[in-house]
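Enquirer: Can you look at this prediction? I've put the sequence above it.
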Amino acid sequence: MTAIPPEVRVLLDAPNYVHLSVLLRDGAPMSMAVWCALEGEHILISSSQDSPKVAAVRRDPRVALSVTDRDQPYRSAMLRGRVVAMRPDPDLRAHNRGEDNGAVLRELLGYDAATIAALEQEGVILTKDH
């Protein structure tokens, strides 16, 4: 397993915009904004259990992830990797980012439970300010 570089950890730990790209059944890519959190060297992505992205990674675990610093948009990172585990996330851990907003998500988004995917990154491209 490749370590997540410190510069990327800073981006992923902050409330920045994160997009996940998956491969659909026909091989076409699909990208969507996601909630994420770090757990050791894994990036956790949370989603509703019936989400198209969950179905896509069950078929093909290869994914790409991008994160952009919301205050400095030229500072970003792109990661390639694969989903190595999926498990229930009843506490909406990847959504919380240190706050207990699970009740709000349950009410507004209808999330009773979510699936959490652990992404193991295989390659990173980091862009700096221009």
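Expert: Received the coordinates, thanks.
Enquirer: buried set for stretch 61-77?
Expert: Residues Pro61, Val63, Ala64, Leu65, Ser66, Val67, Thr68, Asp69, Arg75, Ser76, Ala77 are the ones in stretch 61-77 that count as buried (16 or more other CB atoms under 10 Å). In this view, the C-beta of every residue, glycine as well, is placed from N, C-alpha and C.
Enquirer: Please produce a markdown table containing those residues, extended by secondary structure, pLDDT and distance to Met32.
Expert: Below are the buried residues of stretch 61-77 laid out as a markdown table (DSSP: H, G, I helix; E, B strand; the rest coil; pLDDT from 0 to 100; distance: CB to CB, whole Å):
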| residue | secondary structure | pLDDT | distance to Met32 |
| --- | --- | --- | --- |
| Pro61 | coil | 89 | 16 |
| Val63 | strand | 91 | 11 |
| Ala64 | strand | 91 | 12 |
| Leu65 | strand | 90 | 11 |
| Ser66 | strand | 92 | 11 |
| Val67 | strand | 92 | 14 |
| Thr68 | strand | 93 | 14 |
| Asp69 | coil | 93 | 19 |
| Arg75 | coil | 91 | 22 |
| Ser76 | strand | 91 | 17 |
| Ala77 | strand | 91 | 17 |
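Enquirer: and which of these is nearest Ser51?
Expert: Taking CB to CB as the measure, Ser51 lies nearest Val63 of the buried residues of stretch 61-77, at 13.3 Å.
Enquirer: In terms of pLDDT, where does the nearest residue to that closest one once chain neighbours are set aside sit?
Expert: Closest residue to Val63 apart from its sequence neighbours, by CB to CB, 6 or more residues apart in numbering: Val22 at 5.5 Å. pLDDT recorded at Val22 is 93.
Enquirer: List the residues that contact Val22.
Expert: Going by CB atoms under 8 Å, 6 or more residues apart in numbering, Val22 touches Pro29, Met30, Ser31, Lys53, Ala56, Val57, Asp60, Val63.
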